[in-house]
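**Q** sequence first, predicted model second:
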Amino acid sequence: MAPVLATRTVAVPHLPSRLEGLVGIATNLWWSWDREARALFRAIDQPLWHLTRHNPIELLLRVDPARLDGCAGDPGFMRRYDAVLEKLHRATSGTDTWYRRSHADLEDQPVAYFCAEFGFHNSVPIYSGGLGVLAGDHCKAASDLGVPLVAVGLLYTKGYFDQRIRLDGRQEDAEEVFDPAVSPLIPVLGPGNEPHLAAIETSGRPVYVGAWRMMVGRVPVYLLDTRLERNDPEDRVLSDRLYAGGPGLRLRQEWILGVGGVRLLRAVGLDPGGWHANEGHTVFMFLERVRELVAAGGRFEDAVHQVRASAVFTTHTPVPAGHDVFRHEQVEQCVGSYPQQLGIDREQFLALGRHPALAPDLFHMTALGMRLAGRVNGVARTHGDLTRRMWAVLWPGRGPEHVPIGHVTNGIHVGTWMNHALKALLDDHLGPGWVERIVDDPSLWQAVLSLDDAQLWAAHAQLKATLLDFIREDVRWRFAGHWRDAAHLVGAGVLLGAASLTIGFARRFTTYKRADLLFRDVDRLHRLLVDPQRPVQLVFAGKAHPADEQGKLVLQRVYTHSRDPRFEGRIAFLEDYELHTAHRLVQGVDLWLNVPRVPLEACGTSGMKAALNGIPQVGTLDGWWTEGHTGANGWAIPAAPPDADADAHDAEHLYALLEREIVPLFYDRDVAGIPHGWVRRMKHALYESGRNFTAHRMVMQYVQDYYAPALRRSHADDAPTG
């Protein structure tokens, strides 16, 4: 018997039959990046739409039934409703797609895309940061382009964590609440309505794996779940939390994701032609595919060769600590008799994850990925160069320039990250349907350079006001909910003003990202912020990993300064950073701050998101900024000399840029109050981000350079030998 999707309808207290299609719209995350769909839900009950943080399922469950009756009787609402239904149909089943026009011969071969986290929308909190948001944007762009992608991840029933900041600035990690009933998830049941679809042997016993599915446009996303009664209590918690527990738990999660993910796809009848492992957390997927071929009668060496031909591996970090490494005894306990199923012995198995330069008793997931994938890439040009140098040891005797690792610079999804007010401005300037037309003709972005200065500045002012309103409402909600001391309000942004130059920093709080670089010279910063003629204000947000004590100390230093009366309330820290907050920040600040310690940033897509909303960036030349900075779209901190103190060097240049160029340019206004020089920077920020750093461009490059060759099985024989 084939697996089935459980019958699940959102139990709306009263939904007129004429509006039953609202459930279908609400349960496909396509609505989250379509303006008309979002406007439709907002029109039902605007205050409730904001209160639910833009969750249409929760909106439908809580709205007054009389209001739904009113909508069903409103001809204007019904016209919009019918138009959105038709648009959803075209977006999910239309045949005139970029992929069909470019690769019609490959349409019947889906690509499996594995990732440990996905950031689609705040209503499905199974992400921690940049990797997950990038994976979400990848799926959305694949849907827009018609790429036959199927995504696989884990359902973290307790999410990542909710952040609470104590009065002393210490981060507390609270359990996140995730209710699937108000999410677009639908359980997938096995034959006979069994709650599991696959079983995996690990740690000496079977673990039964269930699954949930949600649709992201035309892309199905399957999320594995071990919280089943049939499992041992220790195994039920395997999919509870993202990046939780010690190495042993994390290893078993990755084993479930990789091996269980392949078995899940087989159980639902999918046979992908290409396999993409997004980061080392997922590469056990390649091993399971080797096992399948060996079980079918193949030799191990031939199976590896065949798997490599259709496998793509993306590595995301130049930081050694970012690569998963496990002790051999942990791996052996996790995988049990699996090496025998591959037709190899213990030593051959462990050698698959060996790194020649590390201790011999460590199993390196990135090394495994590189050995089993025929196509490997980094996520920016500079990161590709660094990755070739880092991993040349696997190709002994070669210089880094001959190591077969490429790069695909990350991109961000236009429909998700560009604000609707700015899209409306571009509707008038570029004409209706520009979002679709610009995919085939990126040269259309050139037209944004001729936007009217006054109109663009007015749109930005509106977005900035929206950000400040959001901050004040968020403060009110937290003060009523769990803050017990009014002192929390001081550093939460209630004193921020709309007229001040506002600098945003929203990243993961880890030491190399240097959120506290501006505080290196507190007196100098003080003079910048409280200048009565040209004031500056700072807005920070971000989480430190629960195990990152140094990152927590950086966060504490920033938060402590936000409550210092010397700064007159011009520094804000926004608690519990997540996607809903991220949208407001990248759309509403004036300047984006991105100052990682070179060369430790792989890409850094937050600056792309800001730029797509006309927000210039100031930052070090690392990650995407080495490609994206043109001199017209922001400011770059020059590289520090090899023998210099990089932090001191970069801080000095940052202060100097702010004092001599950035602040004066922002406050240089005409009689109408428009800073034309600043607006020119805004236009170039938008132009460069739209032209070169969108998820559409990224996915098209993956298709051309990685997916299409993998689907056509053009063998990649240049395997590592180290």
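**A** Happy to help now that I have it.
**Q** per-residue confidence for residue 83?
**A** For residue 83, the model assigns a pLDDT of 98.
**Q** please apply the same query to the one 3 residues further on.
**A** At residue 86, the model reports a pLDDT of 97.
**Q** how far away from the center of its chain is stretch 637-654?
**A** 29 Å (C-alpha atoms, centre = their mean, to the nearest Å).
**Q** correction: stretch 353-367
**A** The chain centre lies 28 Å from the centre of stretch 353-367; the measure is C-alpha atoms, centre = their mean.
**Q** which residues in the stretch 51-200 of the chain form strands?
**A** Along the stretch 51-200 of the chain, counting by DSSP state E, counting those that start in this stretch, strands occupy 111-114, 149-154, 162-165, 171-174, 186-189, 198-202.
**Q** including mean neighbour count, could the ones you listed go into TSV?
**A** Glycine gets a C-beta too; all of them are placed from N, C-alpha and C. Listed next are these as TSV, based on neighbours: other C-beta atoms under 10 Å:
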stretch	mean neighbour count
strand 111-114	26
strand 149-154	26
strand 162-165	19
strand 171-174	16
strand 186-189	19
strand 198-202	19
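**Q** output those as JSON lines; include the columns mean pLDDT and distance to residue 624.
**A** As requested, these are exported to JSON lines (pLDDT from 0 to 100; distance: least, C-beta to C-beta, whole Å):
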{"stretch": "strand 111-114", "mean pLDDT": "98", "distance to residue 624": "21"}
{"stretch": "strand 149-154", "mean pLDDT": "98", "distance to residue 624": "23"}
{"stretch": "strand 162-165", "mean pLDDT": "84", "distance to residue 624": "26"}
{"stretch": "strand 171-174", "mean pLDDT": "84", "distance to residue 624": "27"}
{"stretch": "strand 186-189", "mean pLDDT": "92", "distance to residue 624": "36"}
{"stretch": "strand 198-202", "mean pLDDT": "94", "distance to residue 624": "37"}
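**Q** of these, which is nearest residue 443?
**A** strand 149-154 (26.9 Å; C-beta to C-beta).
**Q** which residues are contacting that closest one?
**A** Contact with strand 149-154 is made by 110-118, 126, 135, 138-139, 142-143, 216, 219-225, 239, 242, 253, 256-257, 261, 264-265, 270, 272, 285, as judged by C-beta atoms under 8 Å, 6 or more residues apart in numbering.
**Q** buried by neighbour count, from those: which ones?
**A** Buried members of these, scored by 16 or more other C-beta atoms under 10 Å, are 110-118, 126, 135, 138-139, 142-143, 216, 219-225, 239, 242, 253, 256-257, 261, 264-265, 272, 285.
**Q** circling back to that earlier point, distance to residue 557 added to the strands of the stretch 51-200 of the chain, as a markdown table?
**A** Below are those laid out as a markdown table (distance: least, C-beta to C-beta, whole Å):
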| stretch | distance to residue 557 |
| --- | --- |
| strand 111-114 | 37 |
| strand 149-154 | 34 |
| strand 162-165 | 13 |
| strand 171-174 | 12 |
| strand 186-189 | 45 |
| strand 198-202 | 41 |
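**Q** any idea which of these gets closest to residue 97?
**A** strand 149-154 (12.2 Å).
**Q** who does the closest one pair up with?
**A** Partner strands and pairing direction for strand 149-154 (DSSP bridges) are strand 111-114 (parallel), strand 219-225 (parallel).
**Q** list the contacts of the longest one.
**A** For strand 219-225, the external contacting residues (C-beta under 8 Å, 6+ apart) are 118, 120, 126, 139-140, 142-143, 149-155, 157, 185, 188, 209-215, 239, 256-257, 260-261, 264-265, 268.
**Q** same question for the first one.
**A** Contact with strand 111-114 is made by 135, 138-139, 142, 147-153, 257-258, 261, 265, 270, 272-278, 282, 285, 707, 710-711, as judged by C-beta under 8 Å, 6+ apart.
**Q** got the end-to-end distance for stretch 161-180?
**A** End-to-end span of stretch 161-180 (C-alpha to C-alpha, to the nearest Å): 16 Å.
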